[in-house]
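Q: sequence below, structure please.
(one chain, ligands or ions: 1)
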Amino acid sequence: MKILGIRVDELDMQAALEQLTKLLEQPGQKELAQVVTINPEGIMLAKADPELRKIVEQAELVTADGTGILWAAEKLGKPMKERVTGIDLLEKLAGLAAEKGWRIYLLGAKPGIAEQAAAELCCRYPGLQIVGTENGYFRDREAAVLEGIHRAEADILFAALGMPFQEKWLHQHRSELGCRLGIGVGGCFDVLAGTVKRAPLLWQRLRLEWLWRLLSDPKRWRRYLAIPRYMRAVLREKRQIR
Ligand code: UDP
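A: As a prediction, this is how the structure comes out:
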């Protein structure tokens with residue numbers, strides 16, 4: 001479906017995992033397929049940025065990361081079953097990777113965080129192969145980072161660089177990375193490393209994860225200005241549909 005003209009795929013976690021498993025098991029696929037996990041802020045960014053919108057349009061999968069997406073889908077008459085967030089997708093794919101032998105690379109976040117996230121994942125999913133980690137502040141050594149990722153021969157590259165940088169970077173280097181699948185996962189390594197706490201389950205169920213994130217890091221308030229604009233635009237779109 002489209003929300004404010006931006007693509008979001010109506011599929012639940014199970015269907016997303018099935019689609020990605022099929023892709024990862026397909027022989028011979030060379031160029032990176034991309035997954036975008038999109039939230040209301042991402043919709044507003046893509047709406048204003050033709051380059052990002054095109055990447056979203058061409059992605060393998062665009063999942064609903066955020067209750068604001070479910071809210072809009074419901075308002076626009078196409079309710080979705082559940083969110084498919086970056087962190088849930090990362091955890092589920094890591095579990096599957098441990099079973100199936102897929103190789104994982106973690107790129108992003110401040111120095112040391114990707115390593116801590118890797119240790120946490122390996123502890124949760126014994127047998128998981130994390131074939132490389134790199135922090136996300138590499139602009140002055142980009143060629144070496146690209147070379148390192150290519151050499152690691154990973155199947156899945158998780159890029160935790162923040163939106164839209166992670167989406168644009170994955171897209172720009174899709175032929176050089178030598179990975180089958182690239183997923184932008186924002187602040188997920190910080191959550192896995194334990195430096196940022198995810199909202200308790202009750203807050204998640206009450207659809208208040210966004211409020212938890214705002215309260216735990218008030219410096220983010222500026223980013224939340226996009227939300228009332230998003231809500232107004234969705235309600236306007238709903239009136240036009242009627
Ligand atoms: N980050 C990075 N390189 C950069 C800018 C940001 O690795 O040049 C990391 C940052 O350290 C954080 C993540 O990207 O771990 C962005 O997290 P945030 O929660 O802001 O992203 P969102 O999920 O909202 O896109």
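Q: C-alpha coordinates for the lowest-mean-pLDDT helix or strand in the chain, CSV please?
A: Sorting the helices and strands of the chain by mean pLDDT, DSSP states H and E puts helix 209-216 at the bottom, at a mean of 87. What follows is helix 209-216, C-alpha atoms only, in CSV (Å, rounded to 0.1, in the frame of the first residue of the first chain):
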residue,chain,number,x,y,z
GLU,A,209,7.2,2.9,22.3
TRP,A,210,7.8,6.3,20.6
LEU,A,211,7.0,8.1,23.9
TRP,A,212,9.4,5.9,25.8
ARG,A,213,12.1,6.8,23.3
LEU,A,214,11.4,10.5,23.5
LEU,A,215,11.4,10.4,27.4
SER,A,216,14.6,8.4,27.5
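Q: and the very next helix or strand once past it, what other elements does it pack with?
A: Counting by DSSP states H and E, the next helix or strand C-terminal to helix 209-216 is helix 226-241. Packing partners of helix 226-241 (3 or more CB pairs under 8 Å, 6 or more residues apart in numbering; DSSP states H and E): helix 40-48, helix 67-75. Where you see a C-beta, it was placed from the backbone N, CA and C, and this is true even at glycine.
Q: would you mind finding the most buried of those helices?
A: helix 40-48 (a mean of 21; mean count of other CB atoms under 10 Å).
Q: could you give the average pLDDT over that one?
A: Averaging pLDDT along helix 40-48 gives 97.
Q: what about that helix, near the ligand?
A: No. Judged by CB under 6 Å from any ligand atom, helix 40-48 stays clear of the ligand, getting no closer than 6.9 Å.
Q: neighbouring contacts of that helix?
A: The contact list for helix 40-48 (CB atoms under 8 Å, 6 or more residues apart in numbering) reads 3-6, 8, 36, 38, 52-53, 56, 65-66, 68-69, 72, 163-164, 223, 226-227, 229-231, 233.
Q: filter those residues to the buried ones?
A: Among the contacts of helix 40-48, those classed as buried by 16 or more other CB atoms under 10 Å are 3-4, 6, 8, 36, 38, 52-53, 56, 65-66, 68-69, 72, 163-164, 226-227, 230, 233.
Q: one step back: intersect the contacts of helix 40-48 with the contacts of the ligand.
A: By CB under 6 Å from any ligand atom, the members of the contacts of helix 40-48 lying near the ligand are Met163.
Q: for the ligand, what are the nearby residues on the protein?
A: Going by CB under 6 Å from any ligand atom, the residues of the chain near the ligand are 108-110, 136-137, 160-163, 165, 186-187, 189-190.
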